[in-house]
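In: 3D, please:
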Amino acid sequence: MTDLENRAMDLFVEVLALSPEQRAARLRSAGEAPEVRSRVEQLLAADREAATAEFLEPSPAWIDGIPTTLPDFGPYQRIRYLGHGGMGVVYRAFDSELGIEVALKTILPRDLGNPNVIGVFKTEPQSMARLSDLNIIRVYRVDQHDGRPYFTMELIDGTSLNRRLDEYRDDPRAAVELLVPVARAIHHAHQRGILHRDLKLANILLDRKGRPLVTDFGLAKQIGTDDESIATAADLVGVSQVFQGIFGTVQYMSPEQATPGKEVTTVSDVYGLGAVLYALLMGRPPFQAESLEATLAQVRDPNDLPDPPHRSNPRVDPDLEAICLKCLAKDPAKRYRSAEGLAKDLERWRDGKESSALKWDRPYQLWRWCKRHPWRATAIVAALLMLALVPTVVAVALLKEREAQVLGTSKLLAESAASTFDAHLRHLASAVVRESREPQLLRQLAAKEGKELQGLVERVSAFYGKAENGFIRQGERNRFASWFILDDVGRMLAHSRNADHGNLDLSWRGYFQKASTLKDIEAVCVPRIWKARTADKHYRFGIVAPVRDGKVTVGVLAATVTMDSAGEILLPQGSLQKVVLVGRWDGTPPPEPNPDIPTDIHPRGERLILLHPAFDRGDLAVPIHDEQLFEEAGPRTDDSYQDPVARSDPRFAGRWVAASAPVGDTEFVVVVQQHHDQAVQPFAILFLPLLLWEP
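Out: Purely as a prediction, here's the structure:
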């Protein structure tokens with residue numbers, strides 16, 4: 001507390017017991033500076049307001065060294081304390097320019113001289129200003145006053161979620177309805193490159209209509225950046241802090257967030273959403289011990305799992321419990337891949353449908369369908385009772401056997417297609433490795449002879465574009481779209497289709513990063529997918545090999561393959577089986593933004609359907625989730641597969657039988673799919689026993 005504040009407080013206490021006339025006389029004769037008298041008058045005004053019906057009891061002039069009122073400045077009037085946390089204090093103020101009351105957040109008095117804290121404080125409005133979701137608090141203005149940074153935001157006339165916890169423990173459906181828009185708001189932030197890192201009950205506000213709003217992005221992080229830890233002696237239990245490399249609130253943070261040095265990603269926020277759901281269902285966070293150290297130990301221990309919610313709350317069914325515990329998996333790879341995936345599963349649970357967290361067996365699927373459609377179920381049961389029991393049992397057994405046969409066949413076809421594609425990739429890779437070992441290339445690359453390298457790469461491209469060279473069978477088109485050469489720091493020295501690419505910096509590209517680390521001279525890599533800058537705008541991948549002088553990598557040789565060319569490598573499309581190729585998107589952004597380099601079309605690392613019978617060209621891609629391709633035991637077989645392409649092409653809607661298989665050591669996956677009714681013919685199987693049965 002400053003000397004001015006000390007003198008003001010002493011004078012305020014002295015005149016508080018006097019009558020209004022005596023107070024005025026005492027202030028005139030006090031001999032204090034005008035600033036002291038002005039501060040005392042503000043405190044007296046706050047005291048008078050606290051005595052009115054607007055407040056139930058008077059508020060202290062200071063709380064934890066924080067003034068409960070601030071002098072008017074700019075357009076802000078009637079500035080009154082609302083609350084504070086580990087890194088900021090929030091006041092209620094009237095904005096005379098907007099004509100509304102706003103929430104004004106500023107830095108704590110104790111941190112005014114700490115540039116690191118000020119830097120972290122400024123990230124919050126910067127993060128929030130980029131977001132436009134209806135369930136995220138809006139920012140109105142970012143500025144500073146008298147050297148103190150502040151920002152104003154939407155004032156919510158309601159309460160935080162932790163004050164209404166009891167309402168949701170007895171009503172899991174209400175908890176789910178609340179969390180769906182919150183999860184989508186967090187997904188909105190993730191799509192714009194922002195991690196919240198402090199999701200908890202206190203940071204979700206409810207307005208008078210019950211609308212949830214996510215607030216407090218004070219510990220938000222830009223995806224792909226590093227943090228600067230801020231050491232503080234404040235206790236982490238129950239508050240948001242930055243402490244020894246740990247960001248967030250311990251009871252709600254993920255294991256990787258609680259472990260300094262571990263990578264924090266979007267699935268860390270998925271964990272935070274799961275912790276909020278757990279607290280709504282249980283009335284407490286997943287981990288809460290007697291001390292900070294004990295709580296951190298629980299969070300970090302991979303074998304210390306949260307208590308299943310149904311043990312303490314019988315209103316939580318197995319499906320909702322599975323969704324909650326999937327979010328809280330200690331292994332990040334076992335959580336939902338995105339907050340949007342969590343929102344969709346919660347909606348499926350709300351609608352009585354199967355979620356990805358807990359797969360239903362056939363009897364349970366039937367029971368849930370009957371629960372959703374009781375009248376239809378009653379009519380079907382009545383009809384089935386009129387049929388003989390034995391033929392029905394036989395038909396069901398035959399149907400399951402047929403489904404198992406089709407799944408087995410699909411798996412073999414997928415493995416065969418993946419093996420064929422892998423063999424072709426190896427065939428193409430052999431050409432790249434062979435050319436990378438040419439002495440002429442090594443000499444010219446070591447000397448960085450641009451013109452000679454340009455001529456060399458054009459000759460290589462022309463050679464492999466000729467069918468008569470023996471590398472490609474007669475009549476086939478050139479598999480390689482282009483060839484190019486990079487030096488040891490990632491600068492392009494030559495390109496077979498565009499000589500003007502010289503000195504283009506591609507060190508940030510995933511294929512250079514991977515190829516430059518290969519140790520074996522015959523090693524080759526097939527990196528992730530990117531989209532071409534050229535006129536065709538096709539998705540493509542590269543076959544990349546290092547050029548080495550002994551043990552030293554002096555450059556990289558790469559040949560690109562478009563999706564159109566890759567489609568000719570796969571098995572021919574049959575009348576029933578459809579062959580699909582899935583790859584993973586690179587999406588690495590360049591150091592300097594370049595509109596000619598499309599990297600933000602998809603989230604980085606997302607799996608994409610790149611080849612599909614519905615695509616005419618290689619310039620289309622549709623996202624697909626890992627859960628549709630793999631399960632814990634390995635590649636997936638699924639007799640209820642839903643083709644993601646059906647969202648844009650109704651020909652592929654409905655139920656499919658599908659099997660997936662990885663392509664060698666690449667990130668490609670082959671999917672072979674066949675429409676369920678065509679493959680299994682359920683109606684023929686169901687009626688066959690009736691035709692054969694003799695009563």
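In: I figured Ala275 hits Leu328, correct?
Out: Yes - assessed by C-beta atoms under 8 Å, Ala275 is found in contact with Leu328 at 6.7 Å. Any C-beta I mention is one placed from the backbone N, CA and C, and that applies to glycine too.
In: Pick out whichever of the two has more residues nearby.
Out: A direct count of neighbours by other C-beta atoms under 10 Å for Ala275 and Leu328 places Ala275 higher, at 26 against 22.
In: Give me the neighbour count for Phe121.
Out: Neighbours of Phe121 (other C-beta under 10 Å): 22.
In: re earlier: could you tell me which residues touch both of Ala275 and Leu328?
Out: Here Ala275 and Leu328 have Pro286 as joint contacts, going by C-beta atoms under 8 Å, 6 or more residues apart in numbering.
In: Quick check: the gap between Val142 and Asp586.
Out: 34 Å (C-beta to C-beta, to the nearest Å).
In: between the two, who's got more neighbours?
Out: Using other C-beta under 10 Å as the criterion, Val142 and Asp586 rank with Asp586 on top: 20 against 16.
In: Grab the nearest non-local neighbour of the more buried one.
Out: Arg528 (3.9 Å; C-beta to C-beta, 6 or more residues apart in numbering).
In: hang on, that neighbour packs against Phe541?
Out: Yes - between Arg528 and Phe541 there is a contact at 7.2 Å, judged by C-beta under 8 Å.
In: Give me the common contacts of the two.
Out: The contact lists of Arg528 and Phe541 share Gly583, where a contact means C-beta under 8 Å, 6+ apart.
In: for the chain, where's the lowest mean pLDDT among helices and strands?
Out: strand 241-243 (a mean of 46; mean pLDDT, DSSP states H and E).
In: now for the next helix-or-strand element following it, which elements pack on it?
Out: Sequence-wise, the next helix or strand downstream of strand 241-243 (DSSP states H and E) is strand 246-248. Counting contacts by 3 or more C-beta pairs under 8 Å, 6 or more residues apart in numbering; DSSP states H and E, strand 246-248 packs against no other helix or strand.
In: Strand 246-248 - what's its average pLDDT?
Out: For strand 246-248, the mean pLDDT works out to 73.
In: Please apply the same query to stretch 670-680.
Out: Rounded mean pLDDT across stretch 670-680 is 86.
In: can you list contacts of that stretch?
Out: With C-beta under 8 Å, 6+ apart, stretch 670-680 has contacts from 399, 402-403, 406, 410, 413-414, 417-418, 421, 570, 576-582, 629, 639-641, 643, 654-663, 682-683.
In: and the residue nearest to Asp586, how far is that from Ala566?
Out: Arg528 is 14 Å from Ala566, by C-beta to C-beta.
In: list residues touching both of these two?
Out: With C-beta under 8 Å, 6+ apart, Arg528 and Ala566 have common neighbours Phe541.
In: The strand or helix carrying Ala418 - contacts with which helices or strands?
Out: For Ala418, the host element (DSSP H and E) is helix 389-436. If you count contacts as 3+ C-beta pairs under 8 Å, 6+ apart, helix 389-436 packs onto strand 539-549, strand 552-562, strand 637-641, strand 656-662, strand 669-675, helix 676-680, helix 682-692.
In: For the ones you listed, please prepare JSON lines with the additional fields distance to Thr215 and mean neighbour count.
Out: Listed next are those as JSON lines, based on distance: least, C-beta to C-beta, whole Å; neighbours: other C-beta atoms under 10 Å:
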{"stretch": "strand 539-549", "distance to Thr215": "39", "mean neighbour count": "24"}
{"stretch": "strand 552-562", "distance to Thr215": "46", "mean neighbour count": "22"}
{"stretch": "strand 637-641", "distance to Thr215": "40", "mean neighbour count": "19"}
{"stretch": "strand 656-662", "distance to Thr215": "41", "mean neighbour count": "25"}
{"stretch": "strand 669-675", "distance to Thr215": "40", "mean neighbour count": "25"}
{"stretch": "helix 676-680", "distance to Thr215": "46", "mean neighbour count": "18"}
{"stretch": "helix 682-692", "distance to Thr215": "52", "mean neighbour count": "13"}
